[in-house]
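K.L.:
Build me a structure from this.
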Amino acid sequence: MTTTTRKAQDMNVLVIDDEEKICELIKIFLESAFEFHSVISAPNAAQAMQKFANQDFDLLIIDHVMPGKAGIEFIEQLRNSVKFNKLKIILISGYLQQEDVLQAIQFGVKHIVVKPFTRQQLVNQVADILKLSQEEEIG
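P.N.:
Predicted coordinates for the structure are as follows:
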């Protein structure tokens, strides 16, 4: 079986952030740069698990500070699951301390975006983690 490079239009992205405006902004940033199959959002970890039950995702963009379960706790839960232990993840937060960053790295998160972030910062991280070429970008 040969490995084929997947294109953005075949990929699904899940954004988890309790701030609806941040979810909307991320969706706008991503849709202006890439033609993803879908960009779905969830306000918390519980609703995100429902989304995971109904759809496969290629990328998770998750906020760290959320009510209920923190982003890093949710990432740890995913990493302990065979189904999600290879999921590509970008952690976003305006409130990360050094121990949070170290814990995220321990769970295989190599891409962290600090709020407030620009469209270009997010697009660059997404392109890097998904290995999307620049010619797939719209603008």
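K.L.:
Now the element after the top helix by length along the chain, going C-ward?
P.N.:
Longest helix of the chain, by residue count under DSSP state H: helix 20-33. Note on helix 20-33: by DSSP states H and E, the next helix or strand toward the C-terminus is strand 38-42.
K.L.:
after that following strand comes which helix or strand?
P.N.:
Following strand 38-42 in sequence, per DSSP H and E, is helix 45-54.
K.L.:
can you pull out the helices in the chain?
P.N.:
Using DSSP H, the helices assigned to the chain run over residues 20-33, 45-54, 71-79, 98-106, 119-130.
K.L.:
Make TSV out of these and add mean pLDDT, mean neighbour count and distance to K7.
P.N.:
For the C-beta atoms, the positions are set from N, CA and C on the backbone; glycine is no exception. Shown next, in TSV, are those (pLDDT from 0 to 100; neighbours: other Cβ atoms under 10 Å; distance: least, Cβ to Cβ, whole Å):
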stretch	mean pLDDT	mean neighbour count	distance to K7
helix 20-33	96	16	14
helix 45-54	96	14	22
helix 71-79	96	20	24
helix 98-106	95	14	28
helix 119-130	96	17	10
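K.L.:
Generate CSV for the ones you listed, with distance to L60 as supplementary columns.
P.N.:
As requested, those are arranged in CSV below (distance: least, Cβ to Cβ, whole Å):
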stretch, distance to L60
helix 20-33, 12
helix 45-54, 8
helix 71-79, 8
helix 98-106, 12
helix 119-130, 10
